[in-house]
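Q: dropping a prediction and its sequence here:
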Amino acid sequence: NAGVTQTPKFQVLKTGQSMTLQCAQDMNHEYMSWYRQDPGMGLRLIHYSVGAGITDQGEVPNGYNVSRSTTEDFPLRLLSAAPSQTSVYFCASNIAGGGNEQFFGPGTRLTVL
Amino acid sequence: GESVGLHLPTLSVQEGDNSIINCAYSNSASDYFIWYKQESGKGPQFIIDIRSNMDKRQGQRVTVLLNKTVKHLSLQIAATQPGDSAVYFCAETIPRNYGGSQGNLIFGKGTKLSVKP
């Protein structure tokens, strides 16, 4: 299994540009999440999904959209990038139910100029 | 608001010594706690977890202790090695009502562990 994969690894955007961060997992996990990590900070939850067709907001959802059309994929969209969205983004997945280990991808480092 | 926090932002230990990383949480409803290790440029990696109905759990060279009375969590690493150098995060899960208790993970800010040879 490849686990959780993310693309791209690095990205530079100009303010106002849009882009999609890709996340895929091959472990048949029902739950997937997106986090952002800023310097000196822990991870903060952006959006999450408990299954195909179901998404919900996390702690810091503004400026981001998600969709979950398949179990495997959970893309994160930035509609109009802002410098405040410069961060490292991590996708994670886990099997259904609380109290289960989340598996994290390697991250996408995004810089918005 | 309620959050998970850490007592020390950095910890420096000698190789071979034991390390203890502490974490405080404030939400008594949290029912699951996890310690993650994050090496530079990588995503967090699961180390060990513990449920709220337990006080102690041991893994390979690691032990997590949970004191619900004072809402305190600790990670003990025995015989610390240079490969243990990383940032360690504790995270808590508060039950949600989505088909059970998926819970969102709430992360602390992290403690950087440096191991001196």
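A: Happy to help now that I have it.
Q: helices along chain B, start to end?
A: In order along the chain, chain B carries no helices (DSSP state H).
Q: go through it and flag its longest strand.
A: strand B:86-94 (DSSP state E).
Q: neighbouring strands of that strand in the sheet, and parallel or not?
A: strand B:32-38 (antiparallel), strand B:104-107 (antiparallel), strand B:111-116 (antiparallel) (DSSP bridges).
Q: just the CA coordinates for the shortest one, please, in PDB.
A: What follows is the C-alpha trace of strand B:104-107 in PDB, where atoms were taken according to Å, rounded to 0.1, in the frame of the first residue of the first chain:
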ATOM      1  CA  ASN B 104     -11.800  15.700  15.600                       C
ATOM      2  CA  LEU B 105      -8.200  15.600  16.700                       C
ATOM      3  CA  ILE B 106      -7.100  18.700  18.600                       C
ATOM      4  CA  PHE B 107      -3.300  19.000  18.600                       C
END
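Q: pLDDT weak spots in chain B?
A: Scanning chain B for pLDDT under 70 picks out B:1-8, B:95-103.
Q: please enumerate the strands of it.
A: Going by DSSP E, chain B shows strands at B:4-6, B:10-14, B:19-25, B:32-38, B:45-51, B:56-58, B:62-67, B:72-77, B:86-94, B:104-107, B:111-116.
Q: over to chain A?
A: Under DSSP E, chain A gives strands at A:4-7, A:10-13, A:19-25, A:31-37, A:43-51, A:54-57, A:64-66, A:76-78, A:87-94, A:103-104, A:108-112.
Q: mean pLDDT, distance to B:S114 and mean neighbour count added to those, as CSV?
A: No exception for glycine: its C-beta is placed from N, CA and C like everyone else's. Shown next, in CSV, are the strands of chain A (pLDDT from 0 to 100; distance: least, Cβ to Cβ, whole Å; neighbours: other Cβ atoms under 10 Å in any protein chain shown):
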stretch, mean pLDDT, distance to B:S114, mean neighbour count
strand A:4-7, 96, 28, 18
strand A:10-13, 97, 27, 14
strand A:19-25, 98, 31, 20
strand A:31-37, 94, 20, 25
strand A:43-51, 91, 21, 21
strand A:54-57, 92, 37, 15
strand A:64-66, 97, 34, 19
strand A:76-78, 98, 33, 18
strand A:87-94, 95, 21, 24
strand A:103-104, 92, 22, 22
strand A:108-112, 97, 23, 18
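Q: any idea how far the residue lying closest to A:T55 once chain neighbours are set aside lies from A:M27?
A: Excluding the flanking residues, the one nearest A:T55 by Cβ to Cβ, 6 or more residues apart in numbering or on different chains is A:S49, at 4.6 Å. To A:M27, A:S49 is 14 Å away according to Cβ to Cβ, to the nearest Å.
Q: stretch B:73-82 close to chain A?
A: No. Using Cβ under 8 Å from any Cβ of the partner chain, stretch B:73-82 stays clear of chain A, with a minimum separation of 13.8 Å.
Q: got the strands of chain A as TSV, with distance to B:A29 columns?
A: Shown next, in TSV, are the strands of chain A (distance: least, Cβ to Cβ, whole Å):
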stretch	distance to B:A29
strand A:4-7	28
strand A:10-13	37
strand A:19-25	28
strand A:31-37	20
strand A:43-51	17
strand A:54-57	18
strand A:64-66	26
strand A:76-78	28
strand A:87-94	20
strand A:103-104	25
strand A:108-112	32
